[in-house]
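Asks: Take this sequence and fold it.
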Amino acid sequence: MQQVIDRKLYDTDQAEQIARYAPLTDRGDFNYLIETLYKTADGEHFLHGEGGAATKWAEKISNQRTPGEEIRLLTDDEALDWCEERAIDGGIVVDEFGHLVET
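Replies: Prediction:
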């Protein structure tokens, strides 16, 4: 997916995938959810999220909610929080955010 934010292009095909959270990937389910954390060549983190009509990624069209997807920029702290909330492997977290993790 590509999305322009603040006049800069963010592209999931060009960025490095750091971690993925996908507890429910059946796209026929209203609650399906896939979130992937990426890092750009410039070191910026962004989250690509997609989900069913009952998730925060849904799009509202008229009076209905439909599946949707979006890219959201994250600070390092927000990206680390995302990893902690989704229990991403500690090795991945330390590799990426070791400067923010107390040992």
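Asks: roughly how far apart are residue 19 and residue 82?
Replies: Separation of residue 19 from residue 82 (CB to CB, to the nearest Å) stands at 8 Å. Where C-beta positions appear, they are placed from N, C-alpha and C, glycine not excepted.
Asks: which neighbours do these two share?
Replies: 37, 88 (CB atoms under 8 Å, 6 or more residues apart in numbering).
Asks: Select the longest helix from this structure.
Replies: The residue-count maximum for a helix in the chain (DSSP state H) belongs to helix 76-85.
Asks: for the record, mean pLDDT for that one?
Replies: Averaged over helix 76-85, pLDDT sits at 97.
Asks: Packing partners of that helix?
Replies: strand 33-39, strand 45-51, helix 90-97 (3 or more CB pairs under 8 Å, 6 or more residues apart in numbering; DSSP states H and E).
Asks: try it again with 10 Å
Replies: The helices and strands touching helix 76-85, judged by 3 or more CB pairs under 10 Å, 6 or more residues apart in numbering; DSSP states H and E, are strand 16-24, strand 33-39, strand 45-51, strand 68-74, helix 90-97.
Asks: Strand 33-39 and that helix, what's the angle between them?
Replies: If you take axes from the mean of the first three to the mean of the last three CA atoms, to 10 degrees, helix 76-85 sits at 140 degrees to strand 33-39.
Asks: What residues of helix 76-85 count as buried?
Replies: 79-80, 82-83 (16 or more other CB atoms under 10 Å).
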